[in-house]
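S.K.: Sequence and computational prediction follow.
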Amino acid sequence: MKWIITIGLLGVVMLLVLLHDMFQKRSARKHMAGRPRRSAAEFGREFYPERAEAASEIRDILAKYIPVDLAQLEPSDQPVRDLHMDDLDSMATAEFIMTVEERFGIVVAEADMEKLRTFDDIVRYVIAKRDQKEMENKRGL
């Protein structure tokens with residue numbers, strides 16, 4: 001009898017988790033609704049003409065950790081607040097940061113993480129850190 005109750009409770013919990021995820025995805029899609037759709041390359045060229053490749057690559061990385069189509073993403077969007085990144089997958093934010101660090105050869109300081117609210121903040125930070133590292137490498141530091 002106890003195992004039937006346990007299975008029933010697990011089923012209810014799983015249903016609640018699924019409903020929560022559906023709500024978060026719908027909320028993220030609603031946030032981006034009505035915007036033009038852009039490929040990652042188009043996004044980079046339109047919003048970051050001088051750094052298009054890096055911006056589109058960061059968007060592609062983000063897309064791996066958010067189960068929502070990012071074709072309507074804009075630089076002012078906040079991955080956590082607007083796209084519910086942390087609600088959809090509790091590890092997504094940490095994995096996203098680690099992947100960006102690895103890809104661009106940078107380290108994102110923990111103190112800086114809370115300052116990176118918008119996608120634009122992330123792109124500008126990553127580009128600045130990468131440029132700084134390249135300058136240090138050129139100077140032999």
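M.R.: Yep, it's here. All values derive from a computational prediction rather than experimental measurement.
S.K.: Just the mean pLDDT for stretch 40-52, thanks.
M.R.: Average pLDDT, stretch 40-52: 94.
S.K.: from the chain's centre, how far out does it sit?
M.R.: 17 Å (CA atoms, centre = their mean, to the nearest Å).
S.K.: again, but for stretch 25-37
M.R.: In terms of CA atoms, centre = their mean, the gap separating the centre of stretch 25-37 from the centre of its chain is 15 Å.
S.K.: Repeat that for stretch 97-112.
M.R.: For stretch 97-112, the distance to the chain centre is 13 Å (CA atoms, centre = their mean).
S.K.: Check which helix or strand the residue nearest to the spatial centre of the chain maps to.
M.R.: Geometric centre of the chain, nearest residue: residue 62, 3.8 Å, by CA atoms, centre = their mean. Per DSSP states H and E: residue 62 is located in helix 52-65.
S.K.: Contacts for that helix, please.
M.R.: Residues outside helix 52-65 that contact it (CB atoms under 8 Å, 6 or more residues apart in numbering): 39-41, 43-45, 47-48, 70, 73, 79, 85, 89, 92-93, 95-96, 99-100, 103-104, 119, 122-123, 126-127, 130. For every residue, glycine as well, the C-beta is placed using N, CA and C.
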